[in-house]
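Compute the structure for the input listed below.
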Amino acid sequence: MPRGLVQAWRTKVVATYYQRYAAMIRALEPEHLILGIRYKGVPELALFTALSPSFDVNSLNDYTRSGHFKPVYATLYKATGKPLMITEFAFSGFPSPGQPSALRVAVGSQAKRGLGYHTYVRQAARAPFMVGMHWFMWSDYAQAAPTGGYPHPPDVNVGLVTADEAAVYKELGHWITRTNAEVEAIHRGSRVASPSEPGP
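Sure thing, here's the model as predicted:
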């Protein structure tokens, strides 16, 4: 079967599944928002537009080491008219060299993690179609933790606190506090962001 037909068939099957799923949720919980399926990275546009009518918000997990808000997010919004939420993003800042970042978001220090947060969240706040950003995650994975079914070992320095919660990444926390205090005012004057601020 030609690849185009396979993709079209897959899109139709997935869209039908989510239409039925969303209809069931709306029948049971009509007052609740359906926040989408948390795409892994930037999705294929045909699939994204086919599924979008089932959701109130389109959600995706996207990791970018540069800390820049991607112009394609505006394209996704224009294609659907639905607001967008980034449901996972993070930067790793290992205390010693040679520790790989499974998420490929190592920036080298806690200060650069904070700068990445500051840059990315401010740029997102300037986009009128953005309704939220969610940092992944609260605490680091334990170094010896099993992969839990993931295809790669987890990053050990991706949280706001250490795995045992004994230490807080204060420099990162400073940047987060500063940034979050600015977000509401930035979003009120929102426009589509361009990557003009330096990334980490």
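
got the contact list for the nearest residue to residue 109 once chain neighbours are set aside?
Nearest residue to residue 109, sequence neighbours excluded (C-beta to C-beta, 6 or more residues apart in numbering): residue 93, at 4.9 Å. All C-beta spots, glycine's among them, are computed from the backbone N, C-alpha and C. Going by C-beta atoms under 8 Å, 6 or more residues apart in numbering, residue 93 touches 106, 107, 108, 109, 110, 111, 112, 113, 157, 169, 172.

Also residue 27?
Contacts of residue 27 (C-beta under 8 Å, 6+ apart): none.

in what helix or strand does it lie?
In the assignment (DSSP states H and E), residue 27 maps to helix 3-28.

In that helix, which residues are buried?
11, 15, 18, 22 (16 or more other C-beta atoms under 10 Å).

ditto for stretch 173-184
Across stretch 173-184, burial judged by 16+ other C-beta under 10 Å covers 175, 176, 179.

Model confidence score at the residue nearest to residue 109, please.
Note for residue 93: predicted pLDDT of 80.

and what of the one 5 residues further on?
At residue 98, the predicted lDDT confidence score is 61.

Check the one 10 residues further on too.
What the model reports as pLDDT for residue 108 is 82.

Identify the residue nearest it in space, chain neighbours excluded?
Of all residues not flanking residue 108 in the chain, residue 93 sits nearest, at 6.1 Å (C-beta to C-beta, 6+ apart).

Okay, the one you found and residue 28: tell me how far apart.
Distance from residue 93 to residue 28, counting by C-beta to C-beta, to the nearest Å: 43 Å.

tell me the contacts of residue 89?
By C-beta under 8 Å, 6+ apart, the contact list for residue 89 reads 61, 62, 63, 64, 120, 133, 134, 135, 136.

Number of residues surrounding residue 131?
Using other C-beta atoms under 10 Å, residue 131 has 19 other residues around it.

quick check, it in a strand?
Yes: when DSSP: H, G, I helix; E, B strand; the rest coil is applied, residue 131 is found to be in a strand.

Dump the buried residues of helix 3-28 to TSV, plus distance to residue 76 and pLDDT.
Below are the buried residues of helix 3-28 laid out as TSV (distance: C-beta to C-beta, whole Å; pLDDT from 0 to 100):
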residue	distance to residue 76	pLDDT
11	16	90
15	16	94
18	16	95
22	18	96
